[in-house]
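Trainee: Here's a sequence, model it:
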Amino acid sequence: METMSIGMGVVVTLVAVALVFDFMNGFHDAANSIATIVSTRVLKPQHAVLWAAGFNFLAYFLFHLKVAATIGKGTVDPGIVDHYVIFGALIGAVAWNLITWYYGIPSSSSHALVGGLIGAAVCKSGFGSLVASGVLKIIAFIFIAPLLGFFLGALMMVAVSWICRGMTQRKVDKYFRRFQLLSAAAYSLGHGGNDAQKTVGVIWLILIAANLSTTESDIPAWVVLSCYTAMGLGTLFGGWRIVKTMGNRITKLNQARGFCANSGGAFTLFLASFFGIPVSTTHTITGAIAGVGATRGARRVNWGVAGGIVWAWILTIPCSALIAGLGWYLGRFVL
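Mentor: Predicted structure coming up:
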């Protein structure tokens, strides 16, 4: 660990910026949790975000901090991290979130943060500062998470279709209006359990850089609680520009399809969080929605919209890394 002198004012500022990012993460990714229940009219938008925000926060009590550990010491070498690296990383992530939110593009806040860390760390210490195993694992799950969501969503849709084959559509809709609430709650738990932990990891890096914690120490409870609170509040304010894209432009959803998409996505997030892998909730639910639509035939999926989202996936890490590099240089003058 390098010897660094970071004043408490800088630490407080960086923690505040990290919590702003966490709030924006919830704001930006609210559509992931609520798009299906809003588009199928199970809940009104204002009720849907309350539902999602509550379960985002509940994840605080249910998940271990494996994802936070991956971000805190499994992506870049903690020994090279200083306040300039953290500042650059957060600038890159926040800027990319704002750009994609403005244009209604369902991109990944998670990978924006990872890209920010990579860009700032490389600007300071070169590519040798990256933890190759962690970075490669995250990049691999850019593809694995949506594919797993796709197959799980499709599998659940096939199973539901077989189970409900003798039921009227009205009866199916009646049951799945209730089941969809449960699947949306599960997805929101997975969102909180994976996404909020990424900011926990960043704040932990800030404390390590300021010699207020170590990689062997437990993460302070106030860090975890504040991150889950910020995530929940961000979800509460919602991200309506992205709801339309996720809810109906990829494929037409009803209650049963919405249930299968959320359930397939939730299982993927639980699995990733168990193994401490930071994944994109956006990628995961997009894959699950496409998988559900594909069970009715390839033409039922708007592959043009899905392709546009894939381009956002590909561009997120390099673009946020580039912005973070500029943020790192800027930070050397303003901090």
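Trainee: looking at it, Ala280 is touching Ser110, isn't it?
Mentor: Actually, residue 280 is Ser. It isn't Ala. Yes. With contact defined as C-beta atoms under 8 Å, Ser280 reaches Ser110; the gap is 4.9 Å. C-beta coordinates here come from the backbone N, C-alpha and C atoms, glycine included.
Trainee: ok, which stretches of the chain are strands?
Mentor: Under the criterion DSSP state E, the chain carries no strands.
Trainee: Tell me where it is predicted with low confidence.
Mentor: 1-5, 29-33, 106, 238-251, 302-309 (pLDDT under 70).
Trainee: can you rerun that using 50?
Mentor: Along the chain, segments meeting pLDDT under 50 span 1-4, 247.
Trainee: Tell me where this structure has helices.
Mentor: 8-39, 45-58, 66-73, 83-102, 109-125, 132-163, 169-209, 221-237, 240-244, 255-274, 281-294, 303-334 (DSSP state H).
Trainee: The second one vs helix 221-237, what angle?
Mentor: In this structure, helix 45-58 runs at an angle of 170 degrees to helix 221-237, with axes from the mean of the first three to the mean of the last three C-alpha atoms, to 10 degrees as the basis.
Trainee: what distance separates helix 45-58 from the centre of its chain?
Mentor: 16 Å (C-alpha atoms, centre = their mean, to the nearest Å).
Trainee: That one: which residues count as buried?
Mentor: By 16 or more other C-beta atoms under 10 Å, the buried positions in helix 45-58 come out as 48-58.
Trainee: and what of the fourth one?
Mentor: Across helix 83-102, burial judged by 16+ other C-beta under 10 Å covers 83-97, 100-101.
Trainee: Relative to Met8, how far out is Lys73?
Mentor: 23 Å (C-beta to C-beta, to the nearest Å).
Trainee: Could you do Lys124 as well?
Mentor: According to C-beta to C-beta, Lys124 stands 22 Å off from Met8.
Trainee: and the two? which has more neighbours close in?
Mentor: A side-by-side neighbour count of Lys124 and Met8, using other C-beta atoms under 10 Å, places Lys124 first with 18 against 9.
Trainee: residues touching that one, list them.
Mentor: By C-beta atoms under 8 Å, 6 or more residues apart in numbering, the contact set of Lys124 is 80, 82, 84-85, 328.
Trainee: Quick check: Tyr60 touching Val224?
Mentor: Yes. Between Tyr60 and Val224 a contact is recorded at 6.5 Å, counting by C-beta under 8 Å.
Trainee: and the gap between Ile34 and Val20?
Mentor: Taken as C-beta to C-beta, the span from Ile34 to Val20 is 22 Å.
Trainee: Those two: which is more packed in?
Mentor: Taking neighbours as other C-beta under 10 Å, Ile34 and Val20 compare with Ile34 leading, 31 against 15.
Trainee: Skip the chain neighbours and tell me the closest residue to the more buried one.
Mentor: Ala48 (4.0 Å; C-beta to C-beta, 6 or more residues apart in numbering).
Trainee: residues touching the one you found, list them.
Mentor: Contacts of Ala48 by C-beta under 8 Å, 6+ apart are 33-34, 37-38, 42, 184.
Trainee: do Ile91 as well
Mentor: 116, 323-324, 326-327, 330-331.
Trainee: make it 6 Å
Mentor: Gly327 (C-beta atoms under 6 Å, 6 or more residues apart in numbering).
Trainee: for Thr199, same thing?
Mentor: Contacts of Thr199 by C-beta under 6 Å, 6+ apart are 18, 22, 227.
Trainee: JSON lines please, covering the residues you listed and showing neighbour count and distance to Leu148.
Mentor: Shown next, in JSON lines, are the contacts of Thr199 (neighbours: other C-beta atoms under 10 Å; distance: C-beta to C-beta, whole Å):
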{"residue": "Ala18", "neighbour count": "29", "distance to Leu148": "29"}
{"residue": "Asp22", "neighbour count": "28", "distance to Leu148": "25"}
{"residue": "Cys227", "neighbour count": "29", "distance to Leu148": "26"}
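Trainee: Just send those back as a markdown table, with distance to Gly128 too.
Mentor: Listed next are those as a markdown table, based on distance: C-beta to C-beta, whole Å:
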| residue | distance to Gly128 |
| --- | --- |
| Ala18 | 25 |
| Asp22 | 29 |
| Cys227 | 29 |
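Trainee: now, which of these sits nearest Leu189?
Mentor: Closest approach to Leu189 among the contacts of Thr199 (C-beta to C-beta): Cys227, at 15.2 Å.
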